[in-house]
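quick one: sequence plus predicted model below, questions after.
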Amino acid sequence: MSSARRPDRSGTDLAAAVEQAAARLVLMWGQAQQSVGTRVSPSQLQALTIVQQHGQLNLNGLAAEMDTMPSSASRLCDRLQAAGLLARTASPANRREVMLALTRDGQRLLLEVSETRRRDLDRVLQAMSPAGREALLAGLAEFTAGAEHAFDTASHERRA
């Protein structure tokens, strides 16, 4: 095979392959959300996931994590609270601070979406060879470490 036809594993071709895989994964995520009949938008699901990761979070923290204005996060939380998926309470430390936590229905929804995603991923992974799965696992570990380093460094540079 000539070098002109060999894929560029260090640059453009690799980035395109990762982008294509990520796009497929995003599609799978959306299909999982639809298959469980969720009544929430992707941004609402994102908000629920962020609250779940923190256990409890104030409204400003959620807005910062979603990179949105607190007023927008508040409206999003209004809809989640009305759907019975999110609870708002006053902080014991500061009564003016609004704390967010998942309700049982919110926890159940995220569990159902997660289980559906894992089943779908398992089907894809089982279609791969054992060597391919091992290579993917090693590559994802390095990718995650590289992404954390790159974004931690970029975040630190923005603050400086």
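Arrived safely.

could you say which helix or strand contains the most centrally placed residue in the chain?
In the chain, the centroid-proximal residue (Cα atoms, centre = their mean) is Gln46; its distance is 6.5 Å. Element membership for Gln46 (DSSP states H and E) is helix 42-54.

hmm, back to that, may I ask you to confirm that the residue nearest to the centre of the chain is in contact with Met66?
Yes. At 6.5 Å, Gln46 and Met66 qualify as touching, with contact defined as Cβ atoms under 8 Å. Where C-beta positions appear, they are placed from N, C-alpha and C, glycine not excepted.

that older thread, distance of the residue nearest to the centre of the chain relative to Leu110?
For Gln46, the distance to Leu110 equals 11 Å [Cβ to Cβ, to the nearest Å].

try Gly55
Gly55 is 13 Å from Leu110, where distance means Cβ to Cβ.

so those two - more neighbours on which side?
Ranked by neighbour count (other Cβ atoms under 10 Å), Gly55 and Leu110 place Leu110 first, with 18 against 8.

does that one belong to a helix, a strand or coil?
helix (DSSP: H, G, I helix; E, B strand; the rest coil).

next up, the contacts around it.
By Cβ atoms under 8 Å, 6 or more residues apart in numbering, the contact set of Leu110 is 45, 48-49, 52, 102.
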